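Q: The sequence isn't on hand, but the structure is:
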């Protein structure tokens, strides 16, 4: 099990993001923009090696990002909606992303196996996303999935829903 942390403030602002392990050591750097067709997210090892890129190819209610490793497309992530919920599919990995996106607690699963769990954690130096990833090799893809899911759920809330969330947080 691998534990990684991203500062929420930087994720929301689409700034360069340093990802740390549980000892506070810098592990990855994420840069890029997302939200428009052609935008991409690049994830680097701390030594500067490019590990994975996510490129936005469809901008709609159900956006799509293609996943590249060493300039080779290995899959896509697409947002889906049912009558009651939103979920994401990562193909051809057959990963499904479900959970409580608005409260930052969700899961990536392959069949019945947990690939990643993300939740929000509060510390004296700020709010962080904590990612518990089952295998170290999945970390780069899981980090980018977390950025995409965060952006596509929180920025897509209708204005009345944002006000409700805002009021609920103030009373908490």
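A: Great, that's in hand. Everything numeric here is computed off the predicted structure, so don't read it as measured data. Numbering: from 1, shown residues only.
Q: Number of residues surrounding residue 97?
A: For residue 97, the count of nearby residues is 25 (other Cβ atoms under 10 Å). (C-beta placed from N, C-alpha, C; glycine too.)
Q: start at 36 instead
A: Right, with 36 as the first residue, what we last looked at is residue 132.
Q: That one contacts residue 122, doesn't it?
A: Yes. Assessed by Cβ atoms under 8 Å, residue 132 is found in contact with residue 122 at 6.1 Å.
Q: Between the two, which contacts overlap?
A: Jointly contacting residue 132 and residue 122 under the rule Cβ atoms under 8 Å, 6 or more residues apart in numbering is no residue at all.
Q: Can you tell me who the nearest residue to residue 75 once chain neighbours are set aside pairs with across the strands?
A: In space, and not counting its chain neighbours, residue 75 is closest to residue 90: 4.4 Å by Cβ to Cβ, 6 or more residues apart in numbering. Listed by DSSP bridges, the beta-bridge partners for residue 90 are residue 75, residue 101.
Q: In contact with residue 90, which residues?
A: 73-75, 100-101, 103.
Q: go with 7 Å
A: 75, 100-101, 103 (Cβ atoms under 7 Å, 6 or more residues apart in numbering).
Q: What residues sit buried inside stretch 148-167?
A: By neighbour count on 16 or more other Cβ atoms under 10 Å, the buried set for stretch 148-167 is 150-154, 163-164, 166-167.
Q: chain center to that stretch: distance?
A: Here stretch 148-167 shows a centroid-to-chain-centroid distance of 11 Å under the convention Cα atoms, centre = their mean, to the nearest Å.
Q: Check stretch 64-79 too.
A: On Cα atoms, centre = their mean, the centre of stretch 64-79 falls 12 Å from that of its chain.
Q: What segments of this protein are strands?
A: Taking DSSP state E, the strands of the chain run over residues 37-42, 52-56, 61-67, 75-80, 85-93, 99-104, 107-116, 121-126, 130-135, 140-145, 148-158, 161-168.
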